[in-house]
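Novice: Here's my sequence, what's the structure:
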Amino acid sequence: MNYNLSDIINYFQLVEKKFNLNISYHHPLCNSFLGDNVSIIKKYNSHCNQYCLHIKSNPDLHKKCLEQQRSVVEKCEKNVFLGMSYCGLEEFIIPLYTDDITLGFISIGGFSTNYDRSIEKIYKLEEDYDINKNYLIEYLKKHSKAPIDI
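Specialist: Numbers count the residues shown, from 1 in each chain. Coordinates of the predicted model:
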């Protein structure tokens, strides 16, 4: 069965709405692989939930986010896995690959299954980067369980 990029975007939108999740894809090789279609899917090239936008409002943390994406690509194999970001949110990582080349990954996230660990990371961010922890904690309280069975 063949799918086009519009089908994939429609599926992303369905998952985001049904499970209140954020979907994004990451890695420059994805962009070159997508070619002219990059403009169609560019909205999904970054986490857009309010938590991540708040984190990325700090230029140093935005840079750290981009660096972390590179380390996720290095950890990608051909299996889906669950991981927690440096800022305390969890995400399912779905590798994108062709032959033996990892092009990047799709991230489906914006939740926390380990509230205490997420809170530790938030306090560390506040200590190191003067981030408003209260804003992040309020978001986390609303998204502290996985939206689907893990």
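Novice: Let me see the contact set for the residue nearest the centre of the chain.
Specialist: Centrality entry for the chain: nearest residue to the mean C-alpha point is Ser107, 4.3 Å, by Cα atoms, centre = their mean. Listed by Cβ atoms under 8 Å, 6 or more residues apart in numbering, the contact set of Ser107 reads Asn22, Ile23, Ser24, Tyr25, His26, His47, Glu91, Phe92, Ile93, Ile94. (C-beta placed from N, C-alpha, C; glycine too.)
Novice: In helices only, show me these.
Specialist: Nothing among the contacts of Ser107 maps onto helices, per DSSP state H.
Novice: Report pLDDT for the residue nearest to the centre of the chain.
Specialist: We have a pLDDT of 89 for Ser107.
Novice: Ser118: which of the contacts of Ser107 is nearest?
Specialist: Closest approach to Ser118 among these (Cβ to Cβ): Glu91, at 12.3 Å.
Novice: How many residues are close by the closest residue to the closest one other than its chain neighbours?
Specialist: In space, and not counting its chain neighbours, Glu91 is closest to Gly109: 2.6 Å by Cβ to Cβ, 6 or more residues apart in numbering. By other Cβ atoms under 10 Å, 25 other residues sit near Gly109.
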